[in-house]
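Asks: sequence first, predicted model second:
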Amino acid sequence: QVDLVESGGGLVQAGDSLRLSCSASGRTFSSTAMGWFRQAPGKEREFVAAIRWSGGGTYYVDSVKGRFTISGDNAKSTVYLQMNSLKPGDTAVYYCAATKVGSLYSLQVRRYYDYWGQGTQVTVSS
């Protein structure tokens, strides 16, 4: 059993910042990458960002480029999402996930992720 646990969500105003954290617990597991997805009410869960452990490559959905930064520690199976200049459109439940695949395409597709956290709510008021 592998559990991913997110923390750091909350209610903020537009323009504020938040830092989400995600740590793995349970049995030892390996991953090639970890990522963040988000799901707003009535919408599909969408890719936000991912970090590939080998080489440290990072990838973002266009809507968060320049505002969000993903980082992490493979040895600790921990990933962070620094979110700056938050907008009301960023309001969603944010999920972290881990995958054993590593292609740029697969990193952006939820079905390629093997482990998921329970989600943390981020609400941005205008």
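Replies: Cool, the structure landed.
Asks: what about Thr28, neighbour count?
Replies: As a burial measure, Thr28 scores 7 neighbours (other Cβ atoms under 10 Å). Heads up, the C-betas are built off the backbone N, CA and C, glycines and all.
Asks: assign it to helix, strand or coil.
Replies: Assigned by DSSP: H, G, I helix; E, B strand; the rest coil, the conformation of Thr28 is coil.
Asks: and it, backbone torsions?
Replies: Main-chain torsions, Thr28, degrees, to the nearest 10: phi -60, psi 140.
Asks: tell me the pLDDT of it.
Replies: pLDDT for Thr28: 70.
Asks: try Val2
Replies: Confidence score, pLDDT, at Val2: 78.
Asks: show me what contacts it?
Replies: 24-27, 29, 98, 115 (Cβ atoms under 8 Å, 6 or more residues apart in numbering).
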